[in-house]
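Chemist: requesting a structural model of the entry that follows:
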Amino acid sequence: LISSATKSLRMETEILEKKLQEAQMKLAEKDGDKEKEIQSLKRLISELEFQLTMEKSNNESFLDKLRKEIKHKSDELEKLTQEKTQLIHSLSQVQEENSLLQDTVRRECEERYELTAALGRAREQVLELRRLSGTFP
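Modeler: Numbers count the residues shown, from 1 in each chain. Below is the predicted model of the structure:
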């Protein structure tokens with residue numbers, strides 16, 4: 001009975017030892033798989049960090065270009081604004097000059113009209129004098 005129980009316990013122990021070995025093998029295999037996954041994730045993290053660094057660099061470069069372009073456009077706008085101010089000033093001067101010239105032309109036309117009217121009256125007077133002098137010897 002003891003021998004049978006011992007044999008049964010040995011067999012059970014062997015079965016349990018086999019199960020333990022299988023469990024240890026599965027555990028070692030899972031540990032290996034996890035280690036591979038960890039290494040894969042580390043590589044992925046490194047690649048993503050590199051991509052992020054590249055993106056940051058590209059963004060900084062792009063921002064620098066935009067800043068330069070904005071500065072250039074701002075300078076251009078300032079120059080155009082100054083030119084516009086100068087043109088408005090010149091236009092104002094030309095308009096004043098034009099107004100003065102129009103005024104001068106208007107006055108000269110009035111003077112001419114007055115002179116033409118006076119000349120007409122003088123002609124009439126000369127004709128009248130000729131007619132009168134023609135009737136008087």
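Chemist: quick one: contacts for the spatially most central residue of the chain?
Modeler: Closest to where the C-alpha atoms of the chain average out (Cα atoms, centre = their mean) is Ile70, at 6.9 Å. Going by Cβ atoms under 8 Å, 6 or more residues apart in numbering, Ile70 touches no other residue. Bear in mind the C-beta positions are built from the backbone N, C-alpha and C, glycine included.
Chemist: what about it, which SS state?
Modeler: Assigned by DSSP: H, G, I helix; E, B strand; the rest coil, the conformation of Ile70 is helix.
Chemist: and the gap between it and Leu80?
Modeler: Going from Ile70 to Leu80 by Cβ to Cβ, to the nearest Å gives 15 Å.
Chemist: repeat that for Leu66.
Modeler: As judged by Cβ to Cβ, Leu66 and Leu80 stand 20 Å apart.
Chemist: cool, Glu97 as well?
Modeler: In terms of Cβ to Cβ, Glu97 sits 25 Å off from Leu80.
Chemist: do Gln21 as well
Modeler: The gap separating Gln21 from Leu80 is 86 Å, by Cβ to Cβ.
Chemist: report how many residues lie close to Leu87.
Modeler: For Leu87, the count of nearby residues is 10 (other Cβ atoms under 10 Å).
Chemist: host element of it?
Modeler: helix 2-135 (DSSP states H and E).
Chemist: state the mean pLDDT of stretch 7-26.
Modeler: In this model, stretch 7-26 carries a mean pLDDT of 96.
Chemist: how far off centre is it?
Modeler: Mean-position distance between stretch 7-26 and its chain equals 75 Å (Cα atoms, centre = their mean, to the nearest Å).
Chemist: any stretches of this structure with poor pLDDT?
Modeler: 135-137 (pLDDT under 70).
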